[in-house]
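Colleague: Starting from these lines, generate the structure:
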Amino acid sequence: MAILGVDISKASFHCCLIDGEIRRASKFDNKLIGYRRVLKWLKAEGADDVHACMEATGPYWRGLANSLSSAGLRVSVVNPSRTAHYARSQLRRTKTDAVDAEMLADFCRSQKPDVWKPPAPEILKLRAFLTYRRQLVKQQTAQNLAIAGIDSNAALRRIHAVQLRAIAKAIAAVDRELRSFMKQYPGLRESVAQVQSIPGIGTLSAATIVAHLPVDRLRDKKAVGAYAGLSPSERQSGTSLHGKPRICKTGNAELRGAMYMPAIVAIQCNPTMKAFAERLKARGKPSKVIIVAVMRKMLVLAYTLLLDKTDFDPSRA
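Modeller: Purely as a prediction, here's the structure:
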């Protein structure tokens, strides 16, 4: 099997093809025509059976990964932290796009990462809605911060009010389209309702969990916390290093962000989570540790409901 390492950025991507002892390198534009050209290049090189490997760098990898997967290639999308540690273990001192592509090819050949499967089309559309809405909310927050220090300039305040109304109108429009979209997919709507049945989780948080939690790929409950970067990370070695335990954060930031406010609410209004938090507090755990533990427990519960296709039952929590 030929191995294709891909170092991808916003505008372009570098490729390194390893086929036996032969190594070839090339560069393509990160757009549709570039995806077509890389497939033609692979065909011209005689690479019929290919395992491609790339990093999950922002949103830039998604178009190429979908294109290669649709063309029948095996595609692996790996955490950049994993490949960074691999590069250091190989004592690589040079870092360029071409060198990184070759490193990814070597990583793929030696580590044999799991094959990535593209999400269902409705999941991709749901993610797009949520991403765009989140950007609008960020704009709204930025506008409020920008005007906070301006007290006496009436003209600027009028402009600010117009911009805020436009952003609020756009958010409301996205929410309407999102509700209409979910009505078109009963299975998606049912999954969101199952997660939302957990007291403390609202519609948007439930939709984010459904959009970003790959239930079919996670082997158990422990893997759920690790996937979201909510697993504890300890720093202790010998007698000199005794760091405080922290969450690893090596995981899906969208899920972590979606679980924070539901955890805060659940500690107040969800009897199951409130009792869990009180037990941790009685053991002397700090507030931040308790919140993270509740976040993790709620996400695992959401995973269980989606796996079993059922609603929340307090007696089983």
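
Colleague: can you count the residues close to Pro59?
Modeller: Pro59 is flanked by 11 other residues according to other CB atoms under 10 Å. Quick note: C-beta positions are derived from backbone N, CA and C, even for glycine.

Colleague: Please renumber the chain so that the first residue is 283 from this point on.
Modeller: Got it, first residue is 283 now, which makes that one Pro341.

Colleague: and Thr592, what is it in contact with?
Modeller: Gln476 (CB atoms under 8 Å, 6 or more residues apart in numbering).

Colleague: got the residue ranges for the helices in the chain?
Modeller: 314-326, 344-352, 362-371, 379-393, 403-429, 436-465, 468-478, 485-494, 503-509, 535-551, 553-564, 569-590 (DSSP state H).

Colleague: Nearest to Ile290, out of these?
Modeller: Among the helices of the chain, the nearest to Ile290 by CB to CB is helix 344-352 (6.3 Å).

Colleague: Just give me the residue closest to the centre of the protein.
Modeller: Asn534 (3.7 Å; CA atoms, centre = their mean).

Colleague: is it true that that one touches His494?
Modeller: Yes: assessed by CB atoms under 8 Å, Asn534 is found in contact with His494 at 5.5 Å.

Colleague: ok so, going back, so which of the helices of the chain is the most packed in?
Modeller: Neighbour counts (mean count of other CB atoms under 10 Å) averaged over each of the helices of the chain peak at helix 485-494, with a mean of 23.

Colleague: What are the contacting residues of it?
Modeller: Outside helix 485-494, the residues that reach it (CB under 8 Å, 6+ apart) are 405, 408-409, 412, 415, 460, 464, 470, 473-475, 477-478, 483, 534, 536-537, 539-541, 543-544, 581, 584, 588.

Colleague: Distance of the residue nearest to the centre of the chain relative to Ser351?
Modeller: Here the criterion is CB to CB, to the nearest Å. By it, Asn534 lies 20 Å from Ser351.

Colleague: same thing with Pro596?
Modeller: Pro596 is 41 Å from Ser351, by CB to CB.

Colleague: Please apply the same query to Gly287.
Modeller: Taken as CB to CB, the span from Gly287 to Ser351 is 16 Å.

Colleague: so Val419 makes contact with Ile453?
Modeller: Yes: Val419 is in contact with Ile453 according to CB under 8 Å; the separation is 6.8 Å.

Colleague: okay, Arg458: pLDDT?
Modeller: According to the per-residue confidence, Arg458 scores 96 in pLDDT.

Colleague: quick one, what contacts Leu537?
Modeller: 490-491, 494-495, 509-512, 581.

Colleague: same thing but 6 Å
Modeller: Applying CB atoms under 6 Å, 6 or more residues apart in numbering to Leu537 gives the contacts 494, 510.

Colleague: Now Lys503. Nearest residue, chain neighbours left out?
Modeller: Nearest non-adjacent residue to Lys503, counting by CB to CB, 6 or more residues apart in numbering: Val582, 4.7 Å away.
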